[in-house]
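Enquirer: next comes the sequence, and after it the predicted model I'd like to discuss.
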Amino acid sequence: MAEVGNSNLLKLDTGILPKDACIVMVKTEWNAAIVDELEAGCRRVFNENGIESFLTLTVPGAVEIPFAIKSFWDARKYLDGRPHAFIALGCVVRGDTPHFEYVCQAVTDGVVKLNHSLPVPVIFGVLTVNNDEQARERIGGKHGHKGEEAAITALKMIALQRSFKK
């Protein structure tokens, strides 16, 4: 099983952080207690690193995340305050029907397509778990905090993209 301790993910070695970055989190209404904690983890990382421009959009479920991201980008892409990264936040818990697989595949495919088509990164912060205990383990339990990790990943990807323009 992958654990945060086995990586350098939490090490922010990006040099000067992109403090002027605008980051948009898109979160689901489903499994609100878990998803709200993912968002709180993102906000903690942004606040600790002086990132001031971030906002949250809320959608009904995980399948709707890619649509919201694409629509928001299309509405803002020519404005000065356009996003420099998006973070998809959700929690899909396995049930007794194949619905879990369809939802997980749809949101995963949607985020991958966005990463191929948008000029800014889209970070996958959607938990796909078998039960509530596994979800709790990923919001500050033995598997770290996936919201914080998503925020750090967004900052790293913004810094990486900016390094290409130098």
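Expert: Great, that's in hand. Values in this document were obtained by computation on a predicted structure and should not be read as measured data.

Enquirer: low-scoring stretches of the chain, by residue?
Expert: 1-18 (pLDDT under 70).

Enquirer: need the three-state assignment for the residue of it most remote from its centre.
Expert: Here the chain reaches farthest from its C-alpha mean at residue 96, the gap being 26.7 Å by Cα atoms, centre = their mean. Here residue 96 is recorded as coil under DSSP: H, G, I helix; E, B strand; the rest coil.

Enquirer: mind checking how far residue 81 is from residue 44?
Expert: Distance, residue 81 to residue 44, using Cβ to Cβ, to the nearest Å: 23 Å. For the C-beta atoms, the positions are set from N, CA and C on the backbone; glycine is no exception.

Enquirer: neighbour count: the two, which is higher?
Expert: Neighbours per residue (other Cβ atoms under 10 Å) separate residue 81 from residue 44, with residue 44 holding more: 14 against 9.

Enquirer: same for the helix or strand harbouring the more buried one, what does it pack against?
Expert: Counting by DSSP states H and E, the element that carries residue 44 is helix 32-48. Using 3 or more Cβ pairs under 8 Å, 6 or more residues apart in numbering; DSSP states H and E as the contact test, the elements touching helix 32-48 are strand 22-28, strand 53-59, strand 85-93, strand 122-129, helix 132-137, strand 139-141, helix 146-164.

Enquirer: give me that answer again for 6 Å
Expert: Applying 3 or more Cβ pairs under 6 Å, 6 or more residues apart in numbering; DSSP states H and E, one finds that helix 32-48 makes contact with strand 22-28, strand 85-93, helix 146-164.

Enquirer: quick one: it to strand 22-28, angle?
Expert: If you take axes from the mean of the first three to the mean of the last three Cα atoms, to 10 degrees, helix 32-48 sits at 170 degrees to strand 22-28.

Enquirer: restrict helix 32-48 to CA atoms and write it as PDB.
Expert: Extracted C-alpha coordinates of helix 32-48, given in PDB (Å, rounded to 0.1, in the frame of the first residue of the first chain):
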ATOM      1  CA  ALA A  32     -19.800  16.100   2.900                       C
ATOM      2  CA  ALA A  33     -18.100  15.500   6.200                       C
ATOM      3  CA  ILE A  34     -15.100  13.900   4.400                       C
ATOM      4  CA  VAL A  35     -15.100  16.300   1.500                       C
ATOM      5  CA  ASP A  36     -15.300  19.300   3.700                       C
ATOM      6  CA  GLU A  37     -12.200  18.100   5.600                       C
ATOM      7  CA  LEU A  38     -10.400  17.600   2.200                       C
ATOM      8  CA  GLU A  39     -11.200  21.200   1.400                       C
ATOM      9  CA  ALA A  40     -10.000  22.300   4.900                       C
ATOM     10  CA  GLY A  41      -6.700  20.600   4.300                       C
ATOM     11  CA  CYS A  42      -6.300  22.400   1.100                       C
ATOM     12  CA  ARG A  43      -7.100  25.700   2.700                       C
ATOM     13  CA  ARG A  44      -4.600  25.100   5.500                       C
ATOM     14  CA  VAL A  45      -1.800  24.500   3.000                       C
ATOM     15  CA  PHE A  46      -2.700  27.600   1.000                       C
ATOM     16  CA  ASN A  47      -2.800  29.700   4.200                       C
ATOM     17  CA  GLU A  48       0.500  28.300   5.500                       C
END
